[in-house]
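Asker: Show me how the following folds:
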Amino acid sequence: MPQSNHPVTVRVMEKDYRIVCPPEEQGMLLRTAEHLNDEMAQIRQTSKVLSSERIAVLAALNITRQLLEGRELTLPDEIDNGELEGRIDTLIHAMEVGESQQSPQ
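Answerer: Numbering: from 1, shown residues only. All right, here's what the predicted structure looks like:
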């Protein structure tokens, strides 16, 4: 019997986000959010007048570049690129669903 999804709260740039994901993905989600937060904090420290949105875009570009170049991001041996892409898609979808549920109607 598959386990049901559970909400997990992650904190990025001093803001909490509630994301629903399967229990087996929660550890990866927390590590991913921590990595994103670290990247965004580094950008915020070196830039003076950037909005949170711009910082997020720059962080996403930096992390994607690192992934494509194969440096700084070490994936566990049991994860291949296709599986990683699937996990990222699942987390993005869960985040979008969570945001739409939190938005005032």
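Asker: quick check, Leu68 in a helix?
Answerer: Yes - judged by DSSP: H, G, I helix; E, B strand; the rest coil, Leu68 forms part of a helix.
Asker: export stretch 56-69 as CSV, just CAs?
Answerer: Extracted C-alpha coordinates of stretch 56-69, given in CSV (Å, rounded to 0.1, in the frame of the first residue of the first chain):
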residue,chain,number,x,y,z
ALA,A,56,15.7,33.2,-6.9
VAL,A,57,16.3,33.4,-10.7
LEU,A,58,20.0,33.9,-10.3
ALA,A,59,20.2,31.0,-7.8
ALA,A,60,18.3,28.7,-10.1
LEU,A,61,20.6,29.7,-13.0
ASN,A,62,23.7,29.1,-10.8
ILE,A,63,22.5,25.7,-9.5
THR,A,64,21.5,24.6,-13.0
ARG,A,65,24.9,25.6,-14.4
GLN,A,66,26.5,23.6,-11.6
LEU,A,67,24.4,20.6,-12.4
LEU,A,68,25.1,20.8,-16.1
GLU,A,69,28.8,21.3,-15.6
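Asker: what pLDDT, on average, does that stretch get?
Answerer: For stretch 56-69, the mean pLDDT works out to 87.
Asker: which of the residues in it are buried?
Answerer: Within stretch 56-69, the residues that qualify as buried by neighbour count (16 or more other C-beta atoms under 10 Å) are Ala56, Leu58, Ala59, Ile63. No exception for glycine: its C-beta is placed from N, CA and C like everyone else's.
Asker: With adjacent residues omitted, what lies nearest to the last one?
Answerer: Excluding the flanking residues, the one nearest Ile63 by C-beta to C-beta, 6 or more residues apart in numbering is Glu39, at 6.0 Å.
Asker: Quick check, that neighbour in contact with Val57.
Answerer: No - with contact defined as C-beta atoms under 8 Å, Glu39 does not reach Val57; the gap is 11.6 Å.
Asker: what residue ranges in this structure score low on pLDDT?
Answerer: 1-2, 71-82, 84, 93, 95-105 (pLDDT under 70).
Asker: could you pull out the strands for the chain?
Answerer: 6-12, 15-21 (DSSP state E).
Asker: For the last one, buried residues please.
Answerer: Neighbour-count burial for strand 15-21 flags Ile19, Val20, Cys21 (criterion: 16+ other C-beta under 10 Å).
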